[in-house]
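S.K.: sharing a sequence plus its predicted fold:
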Amino acid sequence: MFKPDSLTPAQIAHKNKLVQALTAYLPSAALSLCAELIMYYKLHLHIEVERKGRYGDYTPHSGKGSRISINHNLSPFEFLITFVHELAHHTAFLKYGGRHEPHGAEWKQEFKNCMRPFFELEMFPYDLKSALAKHMNNPKYSQSADVKLLEVLKKYDSRKKDVLTLSQLQDGETFKLKQHPQVMRRIKKLRTYILCESLDGTHRYRVHAMAEISKA
C-alpha cells in the first residue's frame, strides 16, 4: 500500500480526483483508503445503474486493470461493503487465479483481510460494527443474504429508514409488495426469506425479509 509521503505529485492529483468522484458514494472516512486501493491495484471502478439481484461484480483482467462495478443507488455503508466484497475477489484472484470457489474459503479470508483496515478507521456506528463483525465471521455471497445486517444498514440509509419492510410485520398480518397489487399474508420466518400466502390460501410464496411493502 502507498505511504502518504511517498506519493508523487501525479499520484496525489490522481488520488484527489478519485476522492472527489467517490465523495457522493462512500463514507467520508473511507474515501482516502478506497482511492489508494483503487490506485494500488490498478482497478477500473464503474458506477452502474441499479441491477436487480446484485450490488456489484468483479471481472479479472490479465495485463490490464481489473474491473469492479457497483450499483449507484446504494447507501454509503452499503457501497463500502460492496466495494470491499469485490476487492476481495480481486485479491483472491491475484493469489489463487481461477483455482478457488468464488465465495469459498479463500475469498472469505480475503474479505476479512480487506475489511480489517476499515474497522481500524473506527467509522462504523456501534450497532453496525457489531452486525458487520458477525457477518465477517462467515461472509455470505452477498449482504442481501444477511437480514440482520440489512436491518441495521437500513437505519443509516436516509432513503429507507422510514420504509416498511416485511421483516417488521407479525405473522398473520396482510400486506402488498411494492408495485404489486396482490394482497398476501405473512405466515412464518424462514432464514433470509419469509413464507407468505395468498388470502385464499391457494398459493404460497417465499418473500425476502427486507422486501418493501405496504400494509393491506
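M.R.: Received, thanks. Quick caveat, the model's predicted, so the values are computed rather than measured.
S.K.: CA only for contacts and neighbour counts going forward, please
M.R.: Noted.
S.K.: let me see the contact set for the residue sitting nearest the centre point of the chain.
M.R.: Most central in the chain under Cα atoms, centre = their mean is Thr82, positioned 3.7 Å from the mean C-alpha point. The contact partners of Thr82, by Cα atoms under 8 Å, 6 or more residues apart in numbering, come to 55-56, 70.
S.K.: go again using 10 Å as the cut-off
M.R.: 54-57, 68-71, 74, 76, 88, 142-143 (Cα atoms under 10 Å, 6 or more residues apart in numbering).
S.K.: ok, now Tyr58?
M.R.: Counted by Cα under 10 Å, 6+ apart, Tyr58 has contacts 44-45, 66-70, 83, 85-90.
S.K.: let's go with 7 Å and repeat that
M.R.: 67-69, 86, 89 (Cα atoms under 7 Å, 6 or more residues apart in numbering).
S.K.: mind putting those in TSV, neighbour count included?
M.R.: Below are the contacts of Tyr58 laid out as TSV (neighbours: other Cα atoms under 10 Å):
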residue	neighbour count
Arg67	18
Ile68	22
Ser69	19
Glu86	24
His89	22
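S.K.: closest one of the residues you listed to His103?
M.R.: His89 (8.3 Å; Cα to Cα).
S.K.: let's test this: mean pLDDT of the helix or strand that contains the closest one, rounded?
M.R.: Under the criterion of DSSP states H and E, His89 resides in helix 76-96. For helix 76-96, the mean per-residue pLDDT is 96.
S.K.: so which bits of it are buried?
M.R.: 76-93 (16 or more other Cα atoms under 10 Å).
S.K.: wait, isn't Thr165 in contact with Lys215?
M.R.: No: Thr165 is beyond contact range of Lys215, at 9.7 Å (criterion: Cα atoms under 7 Å).
S.K.: okay, helices next: where are they in this structure?
M.R.: Assigned by DSSP state H, the chain shows helices spanning 9-22, 31-40, 76-96, 105-120, 126-137, 147-155.
S.K.: returning to what we had before: how much space between the residue nearest to the centre of the chain and Ile47?
M.R.: 12 Å (Cα to Cα, to the nearest Å).
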